[in-house]
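Novice: I'll drop the sequence and a predicted model, then ask my questions.
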Amino acid sequence: MGKSKVLIIGGTGYLGKRLVKASLREGHETFVLSRREIGVDIDKVEMLISFKMLGAHLVPASLADHASLVDAVKLVDVVICALSGVHIRSSTIMLQLNLVQAIKEAGNVKRFVPSEFGTDPARMENATEPGKVLFEEKMMVRKAIEEAGIPYTYVSANCFAGYFVGGLCQFGKILPSRDSVLIHGDGNKKAIYVAEDDIASYTIKTIDDPRTLNKTLYIKPPKNILSQREVVHMWEKLIGKQLHKTTISKEDFLASMKDLDYGQQVGLGHYHDVLYEGCLTNFEIGNEGEEASQLYPDLHYTTVEDYLKRYV
């Protein structure tokens with residue numbers, strides 16, 4: 001069986017650029033949506049050109065132009081949407097719903113991977129406000145996909161290492177301190193950290209795999225299921241120094257949200273659910289899901305310890 005043709009939407013984004021490279025690396029004929037709204041964003045234009053030089057096809061289209069979107073979808077077998085979180089919230093949820101309608105009309109797609117890639121929204125009915133709305137909107141997209149009868153794979157990649165590991169699990173920090181760290185609660189709730197390149201590689205592995213059809217792929221590398229204190233301890237070993245630790249209670253953490261803007265409240269709410277409630281590790285994967293590292297044992301994932309070494 002030949003390789004699928006893949007269309008990636010959001011290919012110049014944080015995860016999207018990795019998905020493009022992973023798709024090309026796996027030998028898929030890869031198409032990248034070149035949105036007409038890109039304007040004079042030179043960084044994105046240069047990135048698109050770099051994809052073309054690697055062998056990708058650039059497809060001019062717009063998520064707001066139904067006809068162009070349908071034409072783009074008709075070129076491929078698989079569609080992967082990697083719009084960043086800001087493109088899924090509130091008024092712009094229509095972008096993904098527009099894509100679902102285009103896929104339905106085109107009628108040729110054998111697999112759709114919508115833009116999720118974080119916490120499984122189906123398990124977040126008790127999420128902290130206002131972040132809960134983000135999960136509700138993702139469930140709206142899922143409902144539209146399933147009602148349209150579109151074959152899918154949902155990817156739950158848990159915590160992006162760049163955002164969580166880099167900052168030692170502290171909100172708003174992406175570089176590890178060599179002096180001090182803020183510990184959330186007792187710091188012992190387990191979370192799951194995944195390198196962004198690994199997220200892309202696992203996602204591309206799923207698209208031709210019948211085992212992941214109409215299921216959720218959970219990326220849970222066993223060596224990366226760690227508490228905040230374990231992450232901090234790994235960093236301390238690498239730098240040969242103990243950090244000064246200050247704890248923040250759940251109540252104080254939630255109180256700190258009230259004067260922040262909406263986007264920051266959403267982010268802090270997610271950190272609360274992960275680091276205080278343990279929402280990523282308080283369930284077992286059932287028949288509706290598969291675990292990536294078990295499905296693809298030959299894919300050598302990046303451990304948290306190895307990820308931290310880049311900052312030494």
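Specialist: Arrived safely.
Novice: the helices in this structure, which residues?
Specialist: If DSSP state H is used as the criterion, the helices of the chain fall at 16-25, 42-54, 66-73, 93-106, 132-147, 161-164, 196-206, 228-239, 250-255, 262-275, 292-295, 304-308.
Novice: Now do the second one, average pLDDT.
Specialist: Same thing as helix 42-54. In this model, helix 42-54 has a mean pLDDT of 96.
Novice: Adding mean neighbour count and distance to V155, write the helices of the chain out as JSON lines.
Specialist: For glycine as for every other residue, the C-beta is placed from the backbone atoms N, C-alpha and C. As requested, the helices of the chain are exported to JSON lines (neighbours: other CB atoms under 10 Å; distance: least, CB to CB, whole Å):
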{"stretch": "helix 16-25", "mean neighbour count": "23", "distance to V155": "10"}
{"stretch": "helix 42-54", "mean neighbour count": "14", "distance to V155": "21"}
{"stretch": "helix 66-73", "mean neighbour count": "19", "distance to V155": "19"}
{"stretch": "helix 93-106", "mean neighbour count": "19", "distance to V155": "14"}
{"stretch": "helix 132-147", "mean neighbour count": "17", "distance to V155": "12"}
{"stretch": "helix 161-164", "mean neighbour count": "21", "distance to V155": "15"}
{"stretch": "helix 196-206", "mean neighbour count": "23", "distance to V155": "5"}
{"stretch": "helix 228-239", "mean neighbour count": "18", "distance to V155": "23"}
{"stretch": "helix 250-255", "mean neighbour count": "12", "distance to V155": "28"}
{"stretch": "helix 262-275", "mean neighbour count": "20", "distance to V155": "17"}
{"stretch": "helix 292-295", "mean neighbour count": "18", "distance to V155": "8"}
{"stretch": "helix 304-308", "mean neighbour count": "19", "distance to V155": "19"}
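Novice: These: which one's closest to L33?
Specialist: Nearest of the helices of the chain to L33, taken as CB to CB: helix 66-73 at 6.1 Å.
Novice: Mind listing residues that contact that closest one?
Specialist: 7, 31, 33, 59-63, 79, 98-99, 101-103, 105-106, 108-109 (CB atoms under 8 Å, 6 or more residues apart in numbering).
Novice: between it and helix 93-106, what angle do the directions make?
Specialist: Helix 66-73 and helix 93-106 meet at an angle of 60 degrees, taking axes from the mean of the first three to the mean of the last three CA atoms, to 10 degrees as the criterion.
Novice: How far does helix 66-73 sit from its chain's centre?
Specialist: Offset of helix 66-73 from its chain centre (CA atoms, centre = their mean, to the nearest Å): 24 Å.
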